[in-house]
Structure formats: C-alpha cells, structure tokens
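**Student:** got a sequence here, can you model it:
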Amino acid sequence: MDLFSPGCLGTCWYGDYHYMEPWVGCEHDCFYCYARFRTEVKDCLTEKAAAFEKPVLMLEPDLLLAEIHEKAVSGEVKTLKLSRFTDLFTPKFVREGLSQEILKILARSKVERIIITTKGLPGEETLDLMARHPALFSYNVAAKPQGKLSVEPNLFPLEERLKAAAFVKKAGVLTTVHLDPVLVGIEDEKVSLDRFFAQLTRHGLDRVMFSYLLLNPLILEHMEKKLGQERMSSLTESYEGSPSLQYLPQQAETVSIPPRASLKEESVERISHMLRERRFDFVLCSLKSAKDGHKVDRQLCPLCDGRFYA
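**Tutor:** Sure thing, here's the model as predicted:
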C-alpha cells in the first residue's frame with residue numbers, strides 16, 4: 001500500500017485527485033468496514049504483523065512527515081482526499097499529535113484542496129488550523145442515527161463530533177454530514193431520523209450526503225461473528241441474496257450485495273422527504289447507491305455529481 005496514490009477510476013472527481021494513507025488500519029473498527037478485507041490492506045497488515053483495529057504507521061514518524069512534505073510541496077497533488085482506507089482522526093494519532101502535524105504540513109504546501117471524511121474527533125488545535133484556512137478544507141463528519149444494532153463500537157459521542165463539525169462550518173469550511181452507510185430497516189426509521197435531523201439543525205449543520213451499506217461475503221461473515229446470527233438476520237433480510245454488482249471498474253473486490261430494491265426505494269423517498277421538509281441541502285451518493293438500477297426520483301432526491309462535498 002502506497003503513502004500517496006491517484007484517485008480510483010470511476011469514483012468521485014473522476015480520478016483527478018490523490019489519496020493519502022499515513023497508516024494502515026483503523027481504530028474505529030466498524031463491523032461493516034470494507035477496508036479490512038481489501039487485498040492491499042491485508043497484505044500491508046501482514047507485512048507489518050499488525051491487526052486492522054490497531055493501526056500502524058506506514059513509515060517511522062520523522063520519515064513519514066518528511067515524505068508527506070516532499071510530495072505536498074512538489075505541486076503534483078492538487079486535491080487530496082484523507083483517506084480511502086483509514087481515518088486521519090483515528091484516536092491514537094490524534095493523541096500523539098501526528099494528525100495535527102500532518103495537517104500543518106499540508107496547510108503550508110502546494111495542495112489546493114484537502115477533503116477530510118472522518119468518524120473521529122479532531123483536537124482543538126486541529127480545528128483551529130482548519131478554521132484559519134477555510135478555503136483549503138472540506139470537512140465531512142460521518143454520522144447517523146442510532147439504530148437497533150450497534151455496529152460502530154469505538155466512536156466518540158455523536159454530540160462531540162457534531163460540535164466539531166459545527167465549529168469549522170461556522171468558520172467557513174465547507175461542512176457536510178455523511179449519513180453513511182445507512183442500514184436499511186435499522187437506521188432509517190422515521191422516529192430516529194427525526195431526532196437525528198433535529199440534532200443536526202441545532203448545530204447549524206444543513207448539508208447531508210447519504211448512502212446505503214453494501215455487503216459482501218467477507219463483511220457478512222465478520223459482522224455475524226460480532227453480532228451473532230440472530231441479530232444479523234434483522235440486517236440480512238433487507239438485502240438481496242448474493243453479490244450482484246461491481247461498483248468500481250477493474251476492481252473485482254467491489255462486487256457487492258445491495259439492499260432489496262423495494263426497501264431501498266422506500267428509504268430513499270422517506271429520507272429525501274424529511275430532508276426537503278427541513279430545508280437541508282442534500283444528495284444521494286451516486287457511486288454507492290445509484291448504480292444498482294433501483295429507481296431514484298431525481299426531482300425528489302438529487303444525485304451527487306462528485307463535487308457536492310469537495
């Protein structure tokens with residue numbers, strides 16, 4: 001796995017961006033995480049004798065920061081997405097100050113746009129840094145209602161993460177809530193969505209991108225180990241029977257099982273109506289949730305064109 005890599009064919013911004021992976025693994029350890037099963041992640045973890053839930057640096061700290069600086073000042077990287085397989089604000093590296101040091105380097109570099117999607121909680125100095133450079137950053141907090149299954153065991157409280165997002169939004173940073181990935185029939189009930197959207201409104205967060213959980217046999221097996229067969233049945237009954245669609249070209253590992261069409265269409269309509277009623281600016285992720293042939297009323301629910309939160 002490389003420290004920097006070009007954006008993937010078929011994804012947002014059509015490949016005109018780079019990923020950066022300063023470490024491998026993610027402390028959040030979400031049960032549904034696709035990254036733990038990608039070959040390049042598994043190979044890197046094997047090489048470093050590490051477990052996915054205990055992330056390790058790609059390089060020694062001084063060398064890592066030097067390599068990031070060299071690439072960032074080269075002018076080659078214009079738009080940088082943090083990250084594809086991990087989270088810049090994984091707690092270990094926030095505590096150690098490494099996340100902060102990485103962003104300080106990037107803020108002084110030739111990188112023109114830094115897109116952060118996180119389930120983590122940045123430190124105060126990091127929030128202040130983003131607030132001082134609002135045109136440089138796009139901040140995307142991955143957040144959703146609490147459903148009947150607990151599948152994200154290691155996250156900071158939602159209220160704290162939303163406060164961080166509200167802080168940078170107030171400073172002028174483009175800030176979006178990623179309601180992602182929604183578990184159909186579990187996290188999209190009207191009562192829980194009402195509470196969640198009211199919480200966003202209290203924090204002044206009014207931009208939402210949403211998408212749905214995709215499954216594959218490896219994710220299903222891992223989730224069943226964590227949740228047990230009985231609790232998993234409440235999830236799998238909402239899904240098609242077998243992997244049916246490859247979501248990224250030339251990447252066989254993206255073949256996935258989508259939610260059942262009727263349930264997903266009902267969910268999209270319900271969420272879209274609620275967001276419209278509350279005057280949110282929103283889109284449905286076109287990459288993960290609009291390639292399966294399920295009907296989407298584009299007048300009711302606009303699709304992301306790859307630039308909504310960039």
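
**Student:** point out where this structure drops to low pLDDT.
**Tutor:** Applying pLDDT under 70 to the chain flags residues 9-15, 243, 290-293.

**Student:** ranges for the strands of it?
**Tutor:** Using DSSP state E, the strands of the chain run over 4-6, 18-20, 23-24, 56-57, 79-82, 113-118, 137-142, 174-182, 207-212, 245-246, 255-256, 281-284.

**Student:** among these, which is nearest residue 294?
**Tutor:** Of all these, strand 207-212 sits nearest to residue 294, with 9.5 Å by C-beta to C-beta. All C-beta spots, glycine's among them, are computed from the backbone N, C-alpha and C.

**Student:** picking up where we left off before, which among the strands of the chain is found nearest to residue 37?
**Tutor:** Across these, closest to residue 37 is strand 255-256 (C-beta to C-beta), at 11.3 Å.

**Student:** can you list contacts of the closest one?
**Tutor:** 214, 215, 216, 243, 244, 245, 246, 247 (C-beta atoms under 8 Å, 6 or more residues apart in numbering).

**Student:** against residue 151, how distant is the closest residue to the last one other than its chain neighbours?
**Tutor:** So the one you mean is residue 247. Excluding its sequence neighbours, the residue lying closest to residue 247 (C-beta to C-beta, 6 or more residues apart in numbering) is residue 254, at 4.3 Å. Between residue 254 and residue 151 the computed distance is 20 Å (C-beta to C-beta, to the nearest Å).

**Student:** residue 54 too?
**Tutor:** Distance, residue 54 to residue 151, by C-beta to C-beta: 19 Å.

**Student:** same drill for these two, tell me which one is more crowded.
**Tutor:** Between residue 54 and residue 151, counting by other C-beta atoms under 10 Å, residue 151 is the more crowded of the two (19 against 12).

**Student:** let me see the contact set for that one.
**Tutor:** Counting by C-beta under 8 Å, 6+ apart, residue 151 touches 30, 31, 32, 183, 223, 226, 227.

**Student:** so which of those residues sit within helices?
**Tutor:** If you go by DSSP state H, the contacts of residue 151 have 223, 226, 227 in helices.

**Student:** among those residues, name the buried ones.
**Tutor:** The neighbour count (16 or more other C-beta atoms under 10 Å) marks 223, 226, 227 as buried among the ones in helices among the contacts of residue 151.

**Student:** distance to residue 194 for those - can I get that in TSV?
**Tutor:** Below are these laid out as TSV (distance: C-beta to C-beta, whole Å):
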residue	distance to residue 194
223	27
226	28
227	26
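
**Student:** can you redo the strands of the chain as JSON lines with mean neighbour count and distance to residue 271?
**Tutor:** Below are those laid out as JSON lines (neighbours: other C-beta atoms under 10 Å; distance: least, C-beta to C-beta, whole Å):
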{"stretch": "strand 4-6", "mean neighbour count": "15", "distance to residue 271": "33"}
{"stretch": "strand 18-20", "mean neighbour count": "22", "distance to residue 271": "28"}
{"stretch": "strand 23-24", "mean neighbour count": "24", "distance to residue 271": "33"}
{"stretch": "strand 56-57", "mean neighbour count": "16", "distance to residue 271": "37"}
{"stretch": "strand 79-82", "mean neighbour count": "21", "distance to residue 271": "25"}
{"stretch": "strand 113-118", "mean neighbour count": "22", "distance to residue 271": "19"}
{"stretch": "strand 137-142", "mean neighbour count": "24", "distance to residue 271": "16"}
{"stretch": "strand 174-182", "mean neighbour count": "23", "distance to residue 271": "8"}
{"stretch": "strand 207-212", "mean neighbour count": "23", "distance to residue 271": "6"}
{"stretch": "strand 245-246", "mean neighbour count": "14", "distance to residue 271": "21"}
{"stretch": "strand 255-256", "mean neighbour count": "20", "distance to residue 271": "20"}
{"stretch": "strand 281-284", "mean neighbour count": "20", "distance to residue 271": "8"}
